[in-house]
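Q: no sequence on this one, just coordinates:
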């Protein structure tokens, strides 16, 4: 599988979750685990550009696919991805635990709907739980990301 | 002109790392550590007849399996954190139960293995035989006391407390109107998205224990581990790294893992990590909120309160590790912003066979607010007076401060409201709410609340100007998302005349600051914020004195601005803060960084030794702030809702908040606290219910069935502020962390009742609950 543009071997343990593989085998700890049953969305990553729950997938199932994690959106030292920048400007995060999942969901949303309606925004973020913000600032962040001209389909991995 | 940072919507300095996936939450740290899994009781009440761990120990990759008999402290009760004379029957659990389990989820065995996967495999092989015992699950059942949670606690009563201000019986007897209400609140759960986690390493060479803990109080964890393991405090380091939300559940200590993980690391001489899973978060992390109140109120023809009697039972759960703080808070907060001439409150803290309770965001206040506001709505209905008008007639007036309530507060003092303007809150909320939307089944809800914030005993801060001119600051209390690094940088930057980006704050790391208490009770800004102010002022004062010698000026004629110490009126005459930091430390050896300026032949000679008596090297100071009493924040929430008459779906059409937390350090951060609090309140009022069955099993211990709101459930929230500065602290601030959540249950109860005509006397509501209530009130 390709993770953030780099070819990586699959784990030898076939029951290893993709989330555990990313976090503990590849050291990509930005992908968080909040429930391990696919509800909270903290572990959201992009699989071939579309948001998926990495806690509901075995790592071996990602063989032959391209994974983008939060670490893949902006290189170290480079400017933040517009979605990340928008979350910063709009105070779209507090503790920051759910944030990588939200950011990946929004990147996926904007890839599909570059100019989303309020309804599309609501649906786009309605698969992620946040216990801190009450979502208002996250909605503002999505709108701000649109303003910033999020290159929604940009693959940091390319 | 130097910018003033206090009051500005400074964007957070925390964000960049977190947004790039470079956060350091406890489970992100220390790969290669041994990993653990608990064996927990499936029964809510049972006697353990045998435990067999032999099969688990034989699983390849298992390093150790502990039961109580394997632990030198296996027979020691975990600390009772806040003893109280009225807590006559306080009980705490042990790290691992060996005799009786008293809630489903209580830890029985602890498996340590090379990986979490192996630990979980092995945990399944631990054989525990139980003899089930009768279960007490509701506070009402506990009160009936047909069964006991603890054999040696008669009536299941852990504590009883009675307070009376005035003569309530006499006032009730004379009151033109009297009314009785029975009001009930159920349990809720904090459910931070990061569960709890602990990582520990023992260094035999240095005889040092290092612990990363997703806690709200690393300083207390450090103290407790030092005592338990017989180590010097200085040989124990506890760090709360990035903490993914806490909301009170992580102020509880010691959870068993907070002892077992460090113990295992010391025994096995290897790093050990435990990360909670979501299901055990639901059963093993403290909860809160269940209370049943019996209220009697006396009032006159205009709806003025004359007397209030409240007799309530509080659901302690199986143990009382946090003492009786929550019911004490409720007892103190029932009167809220209203004048109650005679007030009597009694509570009994009841044991049940459920997870222990301790503060969860709001901590005793949402229920208190619910009780008072439901009572006022009932008075309004009885007298056919507008609900807003009843509140206007009873709120404490702005000239009444300081206002002595006469009942005891959680810090042991008597409650005295320091400042506020409650009529203004009401007026602004009504204006902001605007006209009622047209249509059927629309209801209005309103509630006013106060919140005792900024409780002591104290916090401290260390502030230091580095040779580079950059500033570092540290305090003992950790952040769980409250933007401590940003807001304290604002406070320090103002006092030192530097840019906020030049101040780097560390919080919750005992290596940097070992003193203090913790992040809870909306106290960070008041306690640590003012400590930052005190320490920064000390540094500024020192900078003026050090620079004065070199500028040949009077310290009083110097100011700190634009990163310099300079003569007022002659800004060119001055030194950079970094240069002053150099000069504050006389050196023999120039080691770079400009230190040649402070060597013996370079520095300007001055009489006496290089460090005068009482002088300390370095441009740094440690300051403390200890509040004389709590500061009392306040607010008013109002809402319009529509409830579908068939499906009982709730639609919040408009929700407004007027909030007063004294002077505001950062409006952006404050807005986030309020919006998040209201959302959590909406969840707790209508969606989240901990569904315990009669056997004490939590039937919805997952996010599939415990319905935390998504964005789809949370409406936009309009916010307005007033500022009545606290006279108690130099910054004039009050706490804001919990405010958003407190009145939401009361507001929605009022609005749903108004919309449906169904009397709402309990929380949480749900479509199903409303359906059942509607059938009860409209049979057939």
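A: Ah, there it is. Please read these numbers as outputs of a predicted model, since none were measured by experiment.
Q: who are the neighbours in contact with the closest residue to chain B within chain A?
A: Closest residue of chain A to chain B, C-beta to the nearest C-beta: residue A:30 (1.9 Å). From N, CA and C alone the C-beta is placed, and that goes for glycine too. Neighbouring residues of residue A:30 by C-beta atoms under 8 Å, 6 or more residues apart in numbering or on different chains: A:69, A:70, A:71, A:100, B:20, B:21, B:22, B:23.
Q: Let's see which of these end up in helices.
A: Mapping the contacts of residue A:30 onto helices (DSSP state H) picks out residue A:100.
Q: How about the backbone phi and psi for residue B:259?
A: Per-residue torsions, residue B:259: phi -100, psi -40 (degrees, to the nearest 10).
Q: What about it, how many residues nearby?
A: Applying other C-beta atoms under 10 Å in any protein chain shown, we find 24 residues neighbouring residue B:259.
Q: what residues are up against it?
A: Counting by C-beta under 8 Å, 6+ apart, the residues that residue B:259 touches are B:73, B:78, B:95, B:225, B:228.
Q: SS state for the most centrally placed residue in chain A?
A: The centre of chain A sits closest to residue A:104, judged by C-alpha atoms, centre = their mean, with a distance of 2.1 Å. The three-state assignment at residue A:104 reads helix, by DSSP: H, G, I helix; E, B strand; the rest coil.
Q: returning to that earlier point: and the residue of chain A closest to chain B, how far is that from residue B:77?
A: 40 Å (C-beta to C-beta, to the nearest Å).
Q: again, but for residue B:482
A: In terms of C-beta to C-beta, residue B:482 sits 32 Å off from residue B:77.
Q: Give me the more crowded residue out of these two.
A: Counted by other C-beta under 10 Å, residue B:482 and residue B:77 do not tie: residue B:482 has more neighbours, with 25 against 14.
Q: Quick check: that one touching residue B:523?
A: No. Using C-beta atoms under 8 Å, residue B:482 makes no contact with residue B:523, being 10.7 Å away.
Q: so where's chain B shaky on pLDDT?
A: Where chain B drops to pLDDT under 70, the residues are B:1-3, B:603-604, B:777-780.
Q: So for it, the centremost residue is which one?
A: Most central in chain B (C-alpha atoms, centre = their mean) works out to residue B:520, at 3.2 Å.
Q: quick one: that one from residue B:360, how far?
A: Residue B:520 sits 10 Å away from residue B:360, taking C-beta to C-beta as the criterion.
Q: anything in contact with each of those two?
A: residue B:248.
Q: ok now do the closest residue to residue A:29 other than its chain neighbours, which residues does it touch?
A: Leaving aside its chain neighbours, residue A:29 sits nearest to residue B:28 (3.8 Å; criterion: C-beta to C-beta, 6 or more residues apart in numbering or on different chains). Neighbouring residues of residue B:28 by C-beta under 8 Å, 6+ apart: A:23, A:29, B:241, B:242.
Q: Go again with 10 Å.
A: Neighbouring residues of residue B:28 by C-beta atoms under 10 Å, 6 or more residues apart in numbering or on different chains: A:23-24, A:27-30, A:32, B:21-22, B:197, B:199, B:212, B:241-242.
Q: Beyond the longest helix along chain B, next helix or strand please.
A: The longest helix of chain B (DSSP H) is helix B:524-551. Counting by DSSP states H and E, the element after helix B:524-551 in chain order, helix or strand, is strand B:558-561.
Q: and that following strand, what does it pack onto?
A: With contacts taken as 3 or more C-beta pairs under 10 Å, 6 or more residues apart in numbering or on different chains; DSSP states H and E, strand B:558-561 sits against helix B:484-496, helix B:524-551, strand B:564-567, strand B:570-576, helix B:577-583.
Q: of these, which approaches residue B:12 most closely?
A: Closest of the helices and strands packed on strand B:558-561 to residue B:12 is helix B:484-496, at 4.7 Å (criterion: C-beta to C-beta).
Q: which parts of the helix or strand that the closest one is followed by are buried?
A: Where DSSP H and E defines the elements, the next helix or strand beyond helix B:484-496 is strand B:503-507. In terms of neighbour count (16 or more other C-beta atoms under 10 Å in any protein chain shown), strand B:503-507 has its buried residues at B:503, B:505, B:506, B:507.
Q: which stretches of chain A have low pLDDT?
A: A:150-158.
Q: mind giving me the domain split of it?
A: A:2-72, A:82-147 (automatic domain parsing).
Q: Buried deepest among these, which one?
A: domain A:82-147 (a mean of 23; mean count of other C-beta atoms under 10 Å in any protein chain shown).
Q: how is chain B carved up into domains?
A: Split by automatic domain parsing, chain B gives B:32-133+B:196-243+B:250-284, B:291-455+B:628-777, B:457-625.
Q: Give me the distance between the two termini of the first one.
A: In terms of C-alpha to C-alpha, to the nearest Å, the two terminal residues of domain B:32-133+B:196-243+B:250-284 are separated by 26 Å.
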